[in-house]
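Student: give me a model of this one.
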Amino acid sequence: MWRNELASRLKRTLLIWLAVYPTVLTVVSVFGSYFKQWPLPLRVMGATLIIVPIVVNISAPLVELLVSAVWRPAANDRQGPVDPE
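Tutor: Purely as a prediction, here's the structure:
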């Protein structure tokens with residue numbers, strides 16, 4: 001039972017990372033030069049004010065949609081042929 005729980009947590013962690021990493025990379029690439037002169041706490045606050053809404057409203061739902069579109073057909077293939085009774 002704990003293995004299922006661990007697998008579920010690891011899968012969720014991977015999905016969140018798949019949403020966060022490209023978003024952070026993009027925001028830092030685009031806005032990094034604007035935040036360069038700011039003190040570190042303000043740079044982090046400015047970046048998170050941009051990143052968190054994007055991840056919550058765009059990236060995470062998009063990753064979940066894409067992953068479910070890939071996993072659903074794969075799960076159906078593993079079930080084997082359906083008996084047409």
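
Student: only the buried residues of the helix or strand where Thr23 lies, if you could.
Tutor: Here Thr23, judged by DSSP states H and E, is contained in helix 2-35. By neighbour count with 16 or more other CB atoms under 10 Å, helix 2-35 contains the buried residues Leu15, Leu18, Ala19, Val20, Thr23, Val24, Val27, Phe35. C-beta coordinates here come from the backbone N, C-alpha and C atoms, glycine included.

Student: and the nearest residue to the fourth one once chain neighbours are set aside, what are its phi and psi?
Tutor: Distance criterion CB to CB, 6 or more residues apart in numbering; nearest residue to Val20, sequence neighbours excluded, is Val55 at 5.6 Å. Main-chain dihedrals, Val55, degrees, to the nearest 10: phi -60, psi -50.

Student: tell me who's in contact with Val55.
Tutor: Neighbouring residues of Val55 by CB atoms under 8 Å, 6 or more residues apart in numbering: Ala19, Val20, Thr23.

Student: and which of those is nearest Pro73?
Tutor: Among those, Ala19 lies closest to Pro73 (CB to CB), at 21.5 Å.

Student: in this structure Phe31 contacts Thr48, no?
Tutor: No - at 11.6 Å, Phe31 does not count as touching Thr48 under the criterion of CB atoms under 8 Å.

Student: so what does the helix or strand where Leu66 lies touch, helix or strand wise?
Tutor: Using DSSP H and E, Leu66 sits within helix 60-78. With contacts taken as 3 or more CB pairs under 8 Å, 6 or more residues apart in numbering; DSSP states H and E, helix 60-78 sits against helix 2-35.

Student: contacting residues for the residue positioned nearest the centre of the chain?
Tutor: With distances taken as CA atoms, centre = their mean, Ala19 lies nearest the centre of the chain, 2.2 Å away. Neighbour list for Ala19: Val55, Ser59, Ala60, Leu62, Val63 [criterion: CB under 8 Å, 6+ apart].
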